[in-house]
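# I'll drop the sequence and a predicted model, then ask my questions.
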Amino acid sequence: MNKEQEFKDLLNNQYNWPADYLFKFIVTQPHKTELIALFGGHKVIEKPSSKGKYISITARVLMHNAEEVMEVYKKAARIKTVIAL
């Protein structure tokens, strides 16, 4: 079984869809806007690092299935400097 299928199975075992899903990322300041745009206007909590180079982004979003969650992670992975938590 590949990693993608394992993650999908894990999501389906842990959540009853639709469900609120908590996304957490770290990104450098220049790429913050690009990452926040993935959440389509949902409330995002931003917390800068102590030196201000990085910012943590947290968003709780209603997801309808595991595929939607995985799609957000795939899009986020294309943004430079993003780390998923």
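Received, thanks. Numbers count the residues shown, from 1 in each chain.

# now the strands for the chain?
Using DSSP state E, the strands of the chain run over 19-28, 44-48, 54-63, 83-84.

# by mean pLDDT, flag the weakest helix or strand of the chain.
strand 83-84 (a mean of 92; mean pLDDT, DSSP states H and E).

# hang on, the earlier thing: and of the strands of the chain, who's closest to I36?
I36 lies closest to strand 44-48 among those, at 5.3 Å (Cβ to Cβ). Any C-beta I mention is one placed from the backbone N, CA and C, and that applies to glycine too.

# what mean pLDDT does the closest one have?
For strand 44-48, the mean per-residue pLDDT is 96.

# stretch 9-16 too?
Mean pLDDT, stretch 9-16: 96.

# contacts for it?
1, 21, 63, 66, 69-70 (Cβ atoms under 8 Å, 6 or more residues apart in numbering).

# 7 Å - rerun?
Residues from elsewhere that reach stretch 9-16 (Cβ atoms under 7 Å, 6 or more residues apart in numbering): 66, 69.

# gap between it and the chain center?
16 Å (Cα atoms, centre = their mean, to the nearest Å).

# any chance of the strands of the chain in CSV, with distance to I36 and mean neighbour count too?
Shown next, in CSV, are the strands of the chain (distance: least, Cβ to Cβ, whole Å; neighbours: other Cβ atoms under 10 Å):
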stretch, distance to I36, mean neighbour count
strand 19-28, 9, 16
strand 44-48, 5, 13
strand 54-63, 6, 17
strand 83-84, 15, 12
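
# ok so, going back, packing partners of the least confident helix or strand of the chain?
Packed against strand 83-84 by the contact rule (3 or more Cβ pairs under 7 Å, 6 or more residues apart in numbering; DSSP states H and E) you find strand 19-28.

# sheet partners, orientation included, of the strand it packs on?
Sheet pairing for strand 19-28, assigned by DSSP bridges, gives strand 54-63 (antiparallel), strand 83-84 (antiparallel).

# tell me, which of the ones you listed is the model least confident about?
Comparing mean pLDDT across the strands paired with strand 19-28, the weakest is strand 83-84, with a mean of 92.
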